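Chemist: return a 3D structure for these sequence lines:
(4 chains)
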Number of protein chains: 4
Amino acid sequence: MSGLHEECGVFGIIDNQRPLLSEDVYYGLFALQHRGQESCGMAVSRDGRIDCHKGMGLVGEVFSSEVLQLLHGHIAVGHVRYSTSGGSVYQNAQPLVTHYEKGTFAIAHNGNLTNTEALRKRLGKGGAIFQTDVDSEVLAYLIAGNRIHSESLEDAVVISMKELKGAYALLLMSKEKLIAARDRFGFKPLCIGKTENGYVFASESCALDSVGATFLRDVLPGEVVVCDADGLRSLPRTEEVTCSRCVFEYIYFARPDSVIDGISVYESRIRAGKLLARQHPVDADVVIGVPESGMDAASGYSIESGIPMVRGFVKNNYIGRTFIKPNHDSRKASVAIKLNPIRAAVFGKRVVMIDDSIVRGTTIARIVGMLKSVGALEVHVRVSAPPFLFPCYYGTDVPSGEHLIAKHMTTEQIAEHIGADTLGYLEEQSLKEMLGLDNKTYCDACFSGNYKDGTADGLDNDSCC
Amino acid sequence: MSGLHEECGVFGIIDNQRPLLSEDVYYGLFALQHRGQESCGMAVSRDGRIDCHKGMGLVGEVFSSEVLQLLHGHIAVGHVRYSTSGGSVYQNAQPLVTHYEKGTFAIAHNGNLTNTEALRKRLGKGGAIFQTDVDSEVLAYLIAGNRIHSESLEDAVVISMKELKGAYALLLMSKEKLIAARDRFGFKPLCIGKTENGYVFASESCALDSVGATFLRDVLPGEVVVCDADGLRSLPRTEEVTCSRCVFEYIYFARPDSVIDGISVYESRIRAGKLLARQHPVDADVVIGVPESGMDAASGYSIESGIPMVRGFVKNNYIGRTFIKPNHDSRKASVAIKLNPIRAAVFGKRVVMIDDSIVRGTTIARIVGMLKSVGALEVHVRVSAPPFLFPCYYGTDVPSGEHLIAKHMTTEQIAEHIGADTLGYLEEQSLKEMLGLDNKTYCDACFSGNYKDGTADGLDNDSCC
Amino acid sequence: MSGLHEECGVFGIIDNQRPLLSEDVYYGLFALQHRGQESCGMAVSRDGRIDCHKGMGLVGEVFSSEVLQLLHGHIAVGHVRYSTSGGSVYQNAQPLVTHYEKGTFAIAHNGNLTNTEALRKRLGKGGAIFQTDVDSEVLAYLIAGNRIHSESLEDAVVISMKELKGAYALLLMSKEKLIAARDRFGFKPLCIGKTENGYVFASESCALDSVGATFLRDVLPGEVVVCDADGLRSLPRTEEVTCSRCVFEYIYFARPDSVIDGISVYESRIRAGKLLARQHPVDADVVIGVPESGMDAASGYSIESGIPMVRGFVKNNYIGRTFIKPNHDSRKASVAIKLNPIRAAVFGKRVVMIDDSIVRGTTIARIVGMLKSVGALEVHVRVSAPPFLFPCYYGTDVPSGEHLIAKHMTTEQIAEHIGADTLGYLEEQSLKEMLGLDNKTYCDACFSGNYKDGTADGLDNDSCC
Amino acid sequence: MSGLHEECGVFGIIDNQRPLLSEDVYYGLFALQHRGQESCGMAVSRDGRIDCHKGMGLVGEVFSSEVLQLLHGHIAVGHVRYSTSGGSVYQNAQPLVTHYEKGTFAIAHNGNLTNTEALRKRLGKGGAIFQTDVDSEVLAYLIAGNRIHSESLEDAVVISMKELKGAYALLLMSKEKLIAARDRFGFKPLCIGKTENGYVFASESCALDSVGATFLRDVLPGEVVVCDADGLRSLPRTEEVTCSRCVFEYIYFARPDSVIDGISVYESRIRAGKLLARQHPVDADVVIGVPESGMDAASGYSIESGIPMVRGFVKNNYIGRTFIKPNHDSRKASVAIKLNPIRAAVFGKRVVMIDDSIVRGTTIARIVGMLKSVGALEVHVRVSAPPFLFPCYYGTDVPSGEHLIAKHMTTEQIAEHIGADTLGYLEEQSLKEMLGLDNKTYCDACFSGNYKDGTADGLDNDSCC
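Modeler: Residues are numbered from 1 along each chain as shown, chains lettered A, B, ... in the order given. Model prediction:
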């Protein structure tokens, strides 16, 4: 139920035996739809030209059968983009198709550069013009510029990566090649799958499943992988890299059926629940999860504690893009329209309620209130993440400190504020155990303030994805 | 995961203090959206006229803010209609607004008359013309005809009910009144709620919650309730009535947060799961439910058996009206696009999988296959309903016998056919216990062939809702 | 430029050799689009069923290729409906498909009954219910009711016609037959065409041209024509009929390439212009017509007077349904956006300006003002119709007397009011000559108050078409 | 009826007293809609930011009231784009908003550069990337690049113009300024209007009329005009310029109510008709024009010859974007659906038919055939332009020589090919007289092959507008 959004999803496919990959991209993007609902698009390469179709809305809204039929090609990349109010415009949709001195390429990426402004300024002094707000255009400029003096497009990517700071999982399609790259910290996920005659790249492994591809491996932090008619090859990594995968992917963003960098998202959430049960035990009658992201941690809590898990809410999934939110003060809040408590499940019960995070505290207060209003005797909130305290520079849209409830209140104060009888967060030092790791090869800067790439402040966090 | 559809949902509201009830109908219908996604509509009464807006699609698609603003009135009725291929046309959308000798009324109903053809024939001989395929038009004719020689509209409803056979939960709005009626067997649900200055009627109590109304009581089988400026009153019931509520509402149709005729849908599903655990125990590692309707029975099974319940599938809810279904033979079936198994939850595990029903067996075979394909060692299917053997004449679209797998195979054969290691159905005689009843005051004709109203065969089952 | 609207257009086709007539109806309705832009629809008959597609908007908007492909059938009827603010709703779109005791038929009609209310009341007492505001539903009831005791559908039409008063040109399609009927005064036009293997009916002959049909003859006033597998036959007319064709069809409504009841619309307009030149000669430099309906009378004036005709205005035809009309007071009026004077054509010139009618005088005043503002020295307005003085009960939406400028002002006063140097109307007694007729076999009630069918007042004029 | 398309239209406005100019741009673009129906857009400048809305389709389709309300600003530019099959994509819509080192600007232009490829190559070597196919992006790069080392944006425009070859009428809007520029040959039209508190620029003067602006003057060939808070000023022209206005604007493209470079489009067409009457007289009964562009030349022919002018065709203007063209071989061609001859006007007559041009000859052959099919005794075709023989490099989409009928046939052969009794073209040397000029200050390269700027061949003619 986290109010946070960030994230985009990328999907790429190459198959020299098949000329029509658009349907695969369609289902791949559909499987990644949870990573972005604002806009989507795909570009296909065929006979030396690149065609592209983009639009505002869900994959199922933007692409018709007719459009898919027209998108022929043996290489294709797609993108889903998250939704914020500000830059929600067609112009910012991806992939971005670029014509330049050496030809044409399409770019799709997930993540947030931390030196966008500096790069934009440098490019601008050289005469660059920008038509969008997004990092992709900066990436396109850098790569196109470096390509002029490089042997190959992949070399240009390698050179460009030395100039880039921050987070990116990148797919680049030229007329002949599909190139994948991941920043040297591996903030954003990107994996490789194998089909009968080709390869697939996707932000999450669940998208491989959706097109019947077999999981091969993750793209490594700092790695550049090239696919063309000769197959798949990895470029030598010249830099020391430290894995710093985003822990919040496991807590909230990713789908539970995905495995990211060797760790099952589902299992990490089950472990989070078990850890919570050990760290914050309570005598209760039922465990419930806040749909959808709290469900698996609730299972873990239930298994560890022996308290039965039941469904506490019905979530109404018929909300489409044009759904009208209630705007009368007298009306129950928007969350109540989408989420209704099941009285029979909680009436007269002591409830453990699991959610994935608390940002401002407004939403969770309403949800706790709902449970009490239908007769829950006690509501013990358990959060499968530590308190949010610091901004994320890599793409997650964490509100500024003044809006983060944990910056201003103690856990006891928050519990009181949200109407919970008790409140327990997952301990920050447990994240390693949650992920099943021996070393701290992940980024938890939003909880710890520990930015592995040295980023501290003064960054523009606007143009993401 | 039942492939069955049926059902419509109705919602009505009267409030003499408020002129703009369209937003309430909007949220009420949204809460009933699971009962019908094909079309929806609402009619409002004000200053002696009735305005109506209908359309194909979801509530969130058919009604814009502008339209809601235009629908003024102190009485309003709304309807959501289920989706089948045949009669999926605008013309069949409800409410139906009718002008007749004595004025104007709007009608919205759920259910299937069993003597439609006879009534249509009789009316036709009198010169009636029909513009739709739906029972509502027959109802409108009957009531309008009977009104001519009656004291009041409610009297016309009472007289008409004597001529009606089959199932109906009916809302009728004239310029001054809101009238609710339920067939004498009470096949279809209909309840009454109270707002600050008025009353609400809805197919399920979850819709009362969505507008902040308090549950008052159910409309009784055979009862006619009238609301107008004088408040709410019930007409004397002249006939012996036998309650025969539809058991499949509890098993599948209704939302778990609804309470129908005094029985919590959620609790009946929990009890179904517990009964299944006692009737068909098995040694296993995890219990999973097929989303969404198998989830609560899975909880019950888990509680009774002590086997932990986990989430076995991710369901992709971003499917809108325009989503393109896979059509290549080589592609994984449609169900795989919407539902992906969580390997980490089932790999190497012995799984108990709970679903609400088996109709043709095709879908469940695919789902069992999915679990096996990601490494489930055993899959034990438990069905929270008895086998389907007979047609429903009251509105549920059960396929004809030749397509019902249980008509042709033993349970063991079905288990083998769907790839399950074992299979167990809820025993027919347990339905009473599932509902927590002392007497058989419910209809289970689709399982037992026992039609309480004497209906046997020869009926047209086409024009429903 | 008449602000009047009325009118609908009907089109029907039967061809036993061709199963897909929807494209013919499409182009036929497109040719009749000037008769109605609010909504349109078509119904097709095949294998004992009737399918129908209707919608709000232009033919080119309502029908897609996909829809046309689905509308199979060897008989088809279509309809275009005019646009007014009041009843502009989907429910009123035609054709109206009706199921009744003896089967199914579709009805499409043009015209206004004058005894609708009486018929509705009588039918209502018999239990009839009405779902729309349009006469078509009354027609359907009457015909269906009369069919029960008739030998055939055409007999039912004949019987029904005895009960109908007012104006109608009617197409009726059953599963086997296409029936055309015209009221006994022949107020509304309806003609018959011949294709290679079948027949076509249309409101105007221009629609025959659009599908490559040959004009056969007009349906006679009071005639009923039946087409089926046996070909075309006319039923004996039992009543004395007097032709009373609407003169305003020739002046304004119809397309100039149509021939109605043996009279070319184009030629009647040329004659009107010539008559005007004789009745109201003036010394001038150029003749211009107000587009589109004033153009041909302007030609006639030019030919008769020898004054050259030039184009005085550019009309902007890119106005679609969603065009935004100017709403600032300070802005030039709506007419100026659509119509711009050509300064070079009128500067320093004495202009004769021909328009088809003056209703309120507002629009023509703006147009005269435009010409003066770009330097016309004199503007002599000539109107190719007599002054509007009386209401039309047969379908034309003439404003009530208080809004008719000619009711309150002399011709000189009107000239001054609209800023014209002189003003001349076509003389009422010239209408016969304009039409090239020997007898007064036309209706000019809106000018003369002479209602041939005895209609005088007390009529509801609301539900037309 | 020319099948040629080219052309875009531009409109710009500045008014420091009014913050909401979007409605003016809306009506201005609507008046220019004949210059482009594929896509349109507008950008507004306010408080240091530039907002832009673009879309595929007509002005009335792309802009809603809501969108216009959101487009605040005291400077605004808009654009309409022509329709071809190839580059008909959103990405190519204008205005193009560009962010660069020195800020932001929006660009809208009409015309075709002849050195696009060379410029693109040069910019590409410097690292430029291109996201569209249109010249505007090249213009934006050049101007942005030159701005870095210039004093002002207008200086950058002046410098850039030295590098540009070919045709352009350009509007550039920064946060503070509106700049207009026209290539040194003045191929494309651009004029200046005055409103109460500001200035307007438009491709044609008819757009000034539509917003109530007064015509001030044309932008001169090679001139750069700047408007800002200080008013309007012209930059000194450093180069000798030769006017070379496009003669085909007068013959076909422009609206007759426009005055371009001091010449009335209407009058030039009247003169063309008179010249034709003198050069190719014929004994005939009526003169008709092919709508719309042949109408005024027909008037001229009629005036000069004394043969009366009548309307020969009805043009159906209800064709919208989604209109379905006939695709059956057996069906009458598309032109017949849109254009129907008026039999009464031509039957038994000797007809002079005026059209503006003949390109391939296919369309005119159908039109001549129509007239004959409804009984025209003779059809004498007169064309108000010389034969097309050469390509246009400045924006008009003339087909390649092999498709130009005049390249392969004599006038007599063409007459026979199109079914005309006689055929006469306007003589090439009469163009000067048609325009009322003393010197050849116009471009007639498509007729004469005389390219004033030295352009000959080897040019890419693809990326226009």
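Chemist: got the residues of the stretch 251-400 of chain A near chain B?
Modeler: Counting by C-beta under 8 Å from any C-beta of the partner chain, the residues of the stretch 251-400 of chain A lying close to chain B are A:255-257, A:259, A:264, A:266-267, A:270, A:295-296, A:299, A:302-303, A:308-311, A:313-314, A:316-324, A:326, A:328, A:331-332, A:336-337, A:340-345. From N, CA and C alone the C-beta is placed, and that goes for glycine too.
Chemist: can you flag the buried ones in the residues you listed?
Modeler: A:255-257, A:259, A:264, A:266-267, A:270, A:295-296, A:299, A:302-303, A:308-311, A:313-314, A:316-320, A:323-324, A:326, A:331-332, A:336-337, A:340-345 (16 or more other C-beta atoms under 10 Å in any protein chain shown).
Chemist: can you tell me which of the residues you listed end up in strands?
Modeler: Counting by DSSP state E, those place A:259, A:264, A:313-314, A:340-341 in strands.
Chemist: want to try TSV for the residues you listed, with pLDDT as columns?
Modeler: Formatted as TSV, these follow (pLDDT from 0 to 100):
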residue	pLDDT
A:Val259	97
A:Ser264	98
A:Phe313	96
A:Val314	95
A:Asn340	94
A:Pro341	96
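Chemist: tell me the mean pLDDT for stretch A:155-170?
Modeler: Across stretch A:155-170, the average pLDDT comes to 95.
Chemist: export it to PDB, keeping only CA atoms.
Modeler: Taking Å, rounded to 0.1, in the frame of the first residue of the first chain, the C-alpha atoms of stretch A:155-170 are listed here in PDB:
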ATOM      1  CA  ASP A 155      31.900   0.900 -27.300                       C
ATOM      2  CA  ALA A 156      30.000   4.200 -27.200                       C
ATOM      3  CA  VAL A 157      27.800   2.800 -24.400                       C
ATOM      4  CA  VAL A 158      30.900   1.700 -22.500                       C
ATOM      5  CA  ILE A 159      32.500   5.200 -22.900                       C
ATOM      6  CA  SER A 160      29.300   6.900 -22.000                       C
ATOM      7  CA  MET A 161      28.900   4.900 -18.800                       C
ATOM      8  CA  LYS A 162      32.100   6.400 -17.500                       C
ATOM      9  CA  GLU A 163      30.300   9.800 -17.600                       C
ATOM     10  CA  LEU A 164      27.100   8.700 -16.100                       C
ATOM     11  CA  LYS A 165      26.300   8.800 -12.400                       C
ATOM     12  CA  GLY A 166      23.400   7.300 -10.600                       C
ATOM     13  CA  ALA A 167      21.000   4.500 -11.500                       C
ATOM     14  CA  TYR A 168      20.100   3.000 -14.800                       C
ATOM     15  CA  ALA A 169      19.000  -0.200 -16.400                       C
ATOM     16  CA  LEU A 170      19.300   0.500 -20.100                       C
END
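Chemist: does any part of that stretch sit near chain D?
Modeler: No - residues of stretch A:155-170 are not located near chain D by C-beta under 8 Å from any C-beta, the shortest gap being 11.1 Å.
Chemist: run the chain-centre distance for the helix or strand harbouring A:Glu416.
Modeler: Using DSSP states H and E, A:Glu416 sits within helix A:411-418. Offset of helix A:411-418 from its chain centre (C-alpha atoms, centre = their mean, to the nearest Å): 29 Å.
Chemist: any idea which helix or strand comes after the host helix or strand of A:Val158?
Modeler: For A:Val158, the host element (DSSP H and E) is helix A:153-163. Per DSSP H and E, the first helix or strand lying C-terminal to helix A:153-163 is strand A:169-173.
Chemist: quick check, pLDDT for the closest residue to chain D within the stretch 201-350 of chain A.
Modeler: Distances between the stretch 201-350 of chain A and chain D by C-beta to the nearest C-beta are smallest at A:Thr322, namely 14.1 Å. Listed pLDDT for A:Thr322 reads 76.
Chemist: list the contacts of it.
Modeler: A:Thr322 is in contact with B:60-61, B:64, counting by C-beta atoms under 8 Å, 6 or more residues apart in numbering or on different chains.
Chemist: for whatever residue of the stretch 51-200 of chain A ends up closest to chain C, helix, strand, or coil?
Modeler: Nearest residue of the stretch 51-200 of chain A to chain C, counting by C-beta to the nearest C-beta: A:Glu66, 10.1 Å away. When classified by DSSP: H, G, I helix; E, B strand; the rest coil, A:Glu66 comes out as helix.
Chemist: neighbours of it, just the number please.
Modeler: 7 (other C-beta atoms under 10 Å in any protein chain shown).
Chemist: quick one: pLDDT of it?
Modeler: For A:Glu66, pLDDT reads 86.
Chemist: got a list of what it touches?
Modeler: Going by C-beta under 8 Å, 6+ apart, the list of residues near A:Glu66 is empty.
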